[in-house]
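Novice: Here is my input; please provide its structure:
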Amino acid sequence: MVNYGGKELANAFRTVRRNTLEAAREIPEDKYDFSAAPGVRTVRELLRHIAVLNLMHYDFHRDKRISTLQGYDFPAIIGRMSAEGERLTSKDEIVAALEQNGEAFAS
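Specialist: Here you go, the predicted model:
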């Protein structure tokens, strides 16, 4: 059996985040508003979502320490995540948030 714990999970997370950052940096900012189809998130919206998604995990595990999702206030955390994400408007802000939030979460 493979021993896979917190350290390995953090390393895997960092690998995925590094790849996400590489893609975010390589995509020109004028393409950040591209959407593959109507109703699909734009590149900007998707990267902002990724940059703030860790807030939900902090809310579950660090802040509220919940053991079940029954009764959990999803609209509240989604609203908080949306507000945080909407503050990230430029490519530079989004890339910086991906770097900072990702490393803080992995740590």
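Novice: Around residue 6, how many other residues sit close by?
Specialist: Counted by other Cβ atoms under 10 Å, the residues lying close to residue 6 total 7. In short, each C-beta sits where N, CA and C put it, glycine included.
Novice: Show me where the chain has its helices.
Specialist: With DSSP state H as the definition, the chain shows helices at residue ranges 6-26, 43-52, 54-57, 74-86, 91-106.
Novice: so which of those is the most packed in?
Specialist: Per-residue neighbour counts averaged over each of the helices of the chain give the maximum for helix 43-52, namely a mean of 20 (mean count of other Cβ atoms under 10 Å).
Novice: Same list, the helices of the chain, but as CSV with mean pLDDT please.
Specialist: Listed next are the helices of the chain as CSV, based on pLDDT from 0 to 100:
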stretch, mean pLDDT
helix 6-26, 92
helix 43-52, 96
helix 54-57, 91
helix 74-86, 94
helix 91-106, 91
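Novice: got these as a markdown table, with distance to residue 66 columns?
Specialist: Written out in a markdown table, the entries for those read as follows (distance: least, Cβ to Cβ, whole Å):
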| stretch | distance to residue 66 |
| --- | --- |
| helix 6-26 | 19 |
| helix 43-52 | 19 |
| helix 54-57 | 11 |
| helix 74-86 | 11 |
| helix 91-106 | 18 |
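Novice: Any idea which of those gets closest to residue 32?
Specialist: Each of the helices of the chain was scored for nearness to residue 32 using Cβ to Cβ, and the closest is helix 43-52 (4.1 Å).
Novice: Export the closest one to CSV, keeping only CA atoms.
Specialist: Coordinates of the C-alpha atoms in helix 43-52 are reproduced here as CSV (Å, rounded to 0.1, in the frame of the first residue of the first chain):
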residue,chain,number,x,y,z
VAL,A,43,-10.9,32.0,-18.7
ARG,A,44,-10.9,35.0,-16.3
GLU,A,45,-13.9,33.6,-14.4
LEU,A,46,-12.5,30.1,-14.1
LEU,A,47,-9.1,31.3,-12.9
ARG,A,48,-10.7,33.6,-10.3
HIS,A,49,-12.8,30.7,-9.1
ILE,A,50,-9.7,28.6,-8.7
ALA,A,51,-7.9,31.4,-6.9
VAL,A,52,-10.6,31.7,-4.2
